[in-house]
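J.: sequence plus the predicted model coming up.
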Amino acid sequence: MGKITVETCPIEGLKVITPTVFGDERGYFMETYNYNDYREAGIDMPFVQDNQSASKKGVLRGLHFQINHPQDKIVRVVSGEVFDVAVDLREGSATYGQWYGVLLSAENKKQFFIPKNFAHGFLVLSDYAEFAYKCTDFYHPNDEGGLLWSDPDIGVEWPIPEGMELTISEKDQKWGGIKELKK
């Protein structure tokens, strides 16, 4: 391997990936994805779509998932800083309903691997952030699912600084809680 460092997380399947960065007086170079390195790290799947979004400070997106077309994702921040969260929705999982969060930034260059059947969301902490991710299935607009970002049964501890105004889409304010998924 050598080009990436992979940290396992308390929730099985989630991985934090740190690429090797080669820098000098000109700047830096890194591989953001190399199939061979990721395969060796246990992330061996075809990625079919890359997405990128831009958001301002206080934007909270999520918690999203696809119902019938779940996606594995590798997410990273190109510019700025976000707190990224994954919630385990795998039926029968010992950690069902538990969440894990990681700080992703242009500075730390970390990536977060989120397997299928996890809800995903993030909060922008910097003035502006660009967020990029690879997916193993295409986006299906009629297959969207979500969980309320503030569901007390999940209990995500979002690092919301005092005085920060959140910007949350109307859709994301209307999702139900995790107990409603089990019905």
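T.: Cool, got the structure.

J.: show me where the chain has strands.
T.: 4-8, 15-19, 22-24, 27-29, 49-56, 60-66, 73-79, 81-88, 99-105, 111-114, 118-124, 128-135, 144-146 (DSSP state E).

J.: any chance you could list what contacts the last one?
T.: Just to be clear, that refers to strand 144-146. 62-67, 119, 171-172, 175, 181 (C-beta atoms under 8 Å, 6 or more residues apart in numbering). (C-beta placed from N, C-alpha, C; glycine too.)

J.: and the first one, by the same measure?
T.: Identification of contacts with strand 4-8 by C-beta under 8 Å, 6+ apart yields 14-20, 31, 34, 37-38, 41-42.

J.: which of these has the largest number of neighbours?
T.: residue 38 (23 neighbours; other C-beta atoms under 10 Å).

J.: so for stretch 74-90, mean pLDDT?
T.: Stretch 74-90 carries an average pLDDT of 98.

J.: do the same with stretch 17-30
T.: Here the average pLDDT along stretch 17-30 is 94.

J.: end to end on it, go ahead and measure it.
T.: One end of stretch 17-30 to the other measures 13 Å (C-alpha to C-alpha, to the nearest Å).

J.: which residues sit in contact with residue 128?
T.: Counting by C-beta under 8 Å, 6+ apart, residue 128 has contacts 54-57, 79-80.

J.: can you mark which positions in stretch 106-115 are buried?
T.: 109-115 (16 or more other C-beta atoms under 10 Å).

J.: what's next to it, contact-wise?
T.: 13-19, 21, 30, 32, 43, 72-81, 84, 86, 102-104, 120.
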